[in-house]
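Undergrad: Predicted model, plus sequence, below.
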Amino acid sequence: MIPDYYEFRNSTKILSGTGAIENITFELANMKVSRPLVLTNKQLRSLGVADIVIGALEKGLIPAAAVYDDVPVDSSVSTVNEVAKAYAKADCDAIVAVGGGSVLDTAKGASIVITHGATDLMQYMGSEVLVGDRMVPFVAVPTTAGTGSEVTSAAVIKDTERHVKMGFVSYNLLPDVAVLDPRMTVGLPPRITAATGMDALCHAVEAFSCRQANPLSDCYARAAIDLIREYLPAALAKPKVQENRLAMANAALLAGVSFSNSMVGIVHAIGHACGGVAGVPHGEAMAILLPHGMTYNLGVVGDRYGELLLHLAGPQAYCTEHPADRGGAAIQAVRALNTMLHDKTGMPLTLSEAGVTEEHLPIIARTAIDDGAMAFNPRDAGYDDVLTLLRQAF
Amino acid sequence: MKRRVIAIVFFFLGRGFAACARLDSRVKREIGRWAEGTVVTLRVAPSGPQTSWSVRDGVFRHLGAREVEPTLLVTFKNPEGALPVFLGMKGVLQAFAEHRSTLAGDISLGMSVVRCLHIVEGYLFPAIMTRRILPSPAHREKSVVAAYALTLAVSSAPVFVEGGAA
């Protein structure tokens, strides 16, 4: 399948493997950086994860000019503005963000404020609005293996005063360097390992089947799923083995490159709404909703799902399945993975188990159809369609 | 030439949207949720044409091609990317997926505008086109004749928004 037209960009340099963190200072020096701001959160400080990076900067003779460790669970405008102030106050010349999606999105927001001197981030909401070069060298060090935010052009930041969730999509938000080091994820608890892994899987599956899928994003999606099939169970069975963690970090990155260039669809649209309305953790929402979203889309992109069976279940399962049944079998493979994760980690299998109530469903449906991800789903979905899907997942 | 063709389509699309805001309950509901002061503009870079709609004082209006300060701006990068969309050869969402356009403003408002455009296209374009460009079969609450009549009859006449101030 070759699209009529597509665009693709991944300009982020990737450092992956043992000792990757110790190479950050070399990259900073290459970018002529001498006073980085380290952005992280208190939990990562207390666990000692962020201090691995801070210590490596000191040893590499480019110590942090300032450390901002007050990033909340959900990135907000006020935090972004505080980070921008801390950056200016300490006369910083780069951001090294150490954390999950929230920390990395905060760094992206702060880079907009610093670059454009923005007083109101709302001016920059939207898709492909930001123009000109980013003035802030940006190193992303993910501490989960799921969001792929270290290589994506998207950020979501809440305006808590105006109750607006602002979406930004721009190639200008791509970090300069992404650092995958197994020390960052080796201590993740099993349930978070499972949920973030399913987030990565969902990125890959949706990227492969949405409107903007293209031959390049397909390659990344297939490679991501191959790694997840092999290493997500391994990371749960042997969480301290660094190879398992590094492979999952690579899977999340590959899926991130894929969906940053072909976007995601109905599963993410509904999952975002489940998080906003009922507080369902993003990765768990993805795991619960993925088989239902695939079932909804099966009639339109069944052949594409069929191709993914090879990566989801392996060559033997692919070859023994009749071509017409491969799409359905791919959904069954996702369900089987969910069941395994539920048994091993207690991750919920239904929305009700995840804390969603019957009363939430219409609000979630209403919110989901306004989510930008819905624009890229291969099959149209209105309020009634989403409500039906939600009841099936309930 | 391409810009002229798009300007003509914008003329009818702009009026057609205003007509559907009177005729079709789904469009009424959508614009009823738009915030006071909303101005939506479709523009073709670098030099137009453009068309806009607004909600002000509880009234929805088609503003035509006049210069405005949009709160949501959809910009097609060039006439070549815009023409297939406005000639009914390519869907709005497909064009967005192909990066033919940019969107400045609240993406969720953009989703509402797209739903409205799909409904309006369902009235204005023949079935042979809508089958190709709409994500699901066109459903019309009123006749095409009524929609065309209103499109030709009303230009910038106000439409009172459900739940609006007026």
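TA: Okay, I see it. Numbering: from 1, shown residues only, chains lettered A, B, ... in the order given.

Undergrad: Do stretch A:386-394 and chain B come into contact?
TA: No. With Cβ under 8 Å from any Cβ of the partner chain as the criterion, chain B is not reached by stretch A:386-394; the gap is at least 12.5 Å. Every C-beta, even on glycine, is put in place using the N, C-alpha and C of the backbone.

Undergrad: That stretch: which residues count as buried?
TA: By neighbour count on 16 or more other Cβ atoms under 10 Å in any protein chain shown, the buried set for stretch A:386-394 is A:386-387, A:389-390, A:393-394.

Undergrad: Can you give the contact residues for it?
TA: Stretch A:386-394 has contacts (Cβ atoms under 8 Å, 6 or more residues apart in numbering or on different chains) with A:266, A:269-270, A:288-289, A:292-293, A:295-296, A:350-352, A:356, A:358, A:361-362, A:364-365, A:368-369, A:381.

Undergrad: Among those residues, which lie within helices?
TA: Within the contacts of stretch A:386-394, residues falling in helices by DSSP state H are A:266, A:269-270, A:288-289, A:292-293, A:295-296, A:361-362, A:364-365, A:368.

Undergrad: Which among those residues count as buried?
TA: A:266, A:269-270, A:288-289, A:292-293, A:295-296, A:361, A:364-365, A:368.

Undergrad: about what we covered before: distance to chain B and pLDDT added to the ones in helices among the contacts of stretch A:386-394, as a markdown table?
TA: Formatted as a markdown table, the ones in helices among the contacts of stretch A:386-394 follow (distance: Cβ to the nearest Cβ, whole Å; pLDDT from 0 to 100):
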| residue | distance to chain B | pLDDT |
| --- | --- | --- |
| A:Ile266 | 12 | 97 |
| A:Ala269 | 9 | 95 |
| A:Ile270 | 14 | 96 |
| A:Ile288 | 23 | 98 |
| A:Leu289 | 19 | 98 |
| A:His292 | 19 | 98 |
| A:Gly293 | 16 | 98 |
| A:Thr295 | 18 | 98 |
| A:Tyr296 | 13 | 98 |
| A:Leu361 | 19 | 97 |
| A:Pro362 | 15 | 96 |
| A:Ile364 | 14 | 96 |
| A:Ala365 | 13 | 96 |
| A:Ala368 | 10 | 95 |
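
Undergrad: since we're on A:Leu290, how many residues are nearby?
TA: 25 (other Cβ atoms under 10 Å in any protein chain shown).

Undergrad: Who's the closest spatial neighbour of A:Lys344, skipping the chain neighbours?
TA: Leaving aside its chain neighbours, A:Lys344 sits nearest to A:Leu236 (5.4 Å; criterion: Cβ to Cβ, 6 or more residues apart in numbering or on different chains).

Undergrad: What about that neighbour, how many residues nearby?
TA: Neighbour count for A:Leu236, taken as other Cβ under 10 Å: 19.

Undergrad: OK, contacts around it?
TA: A:190, A:193-194, A:341, A:344-345.

Undergrad: which of the buried ones among the ones in helices among the contacts of stretch A:386-394 lies closest to A:Val139?
TA: A:Ala269 (30.7 Å; Cβ to Cβ).

Undergrad: out of the contacts of A:Leu236, who has the most neighbours?
TA: Within the contacts of A:Leu236, A:Ala194 tops the neighbour count with 28 neighbours, counted by other Cβ under 10 Å.

Undergrad: so who does that one touch?
TA: A:232, A:236, A:283, A:287, A:341, A:344-345, A:347.

Undergrad: And B:Thr41, by the same measure?
TA: Going by Cβ under 8 Å, 6+ apart, B:Thr41 touches B:50-52, B:68, B:70, B:72-74.

Undergrad: same thing with B:Phe17?
TA: B:Phe17 makes contact with B:27, B:53, B:62, B:116-117, B:120, according to Cβ under 8 Å, 6+ apart.

Undergrad: Tell me how many other residues surround A:Pro72.
TA: So A:Pro72, with other Cβ under 10 Å, has 15 neighbours.

Undergrad: can you pull out the helices in the chain?
TA: Since no chain was named, I'll use chain A. A:24-30, A:42-46, A:49-59, A:77-89, A:101-116, A:190-209, A:215-237, A:242-262, A:266-278, A:282-313, A:315-320, A:326-345, A:360-368, A:383-393.

Undergrad: meant chain B actually
TA: Along chain B, the stretches classed as helices by DSSP H are B:2-23, B:25-32, B:79-86, B:92-97, B:107-124, B:127-133, B:144-153.

Undergrad: Would you mark the buried spots in the fifth one?
TA: In other words, helix B:107-124. Per 16+ other Cβ under 10 Å, helix B:107-124 contains these buried residues: B:107-124.

Undergrad: And for residue 107, nearest residue in space, chain neighbours not counted?
TA: As the question left the chain open, I've gone with chain A. A:Ala97 (3.7 Å).

Undergrad: try chain B instead
TA: A:Gly372 (3.9 Å).
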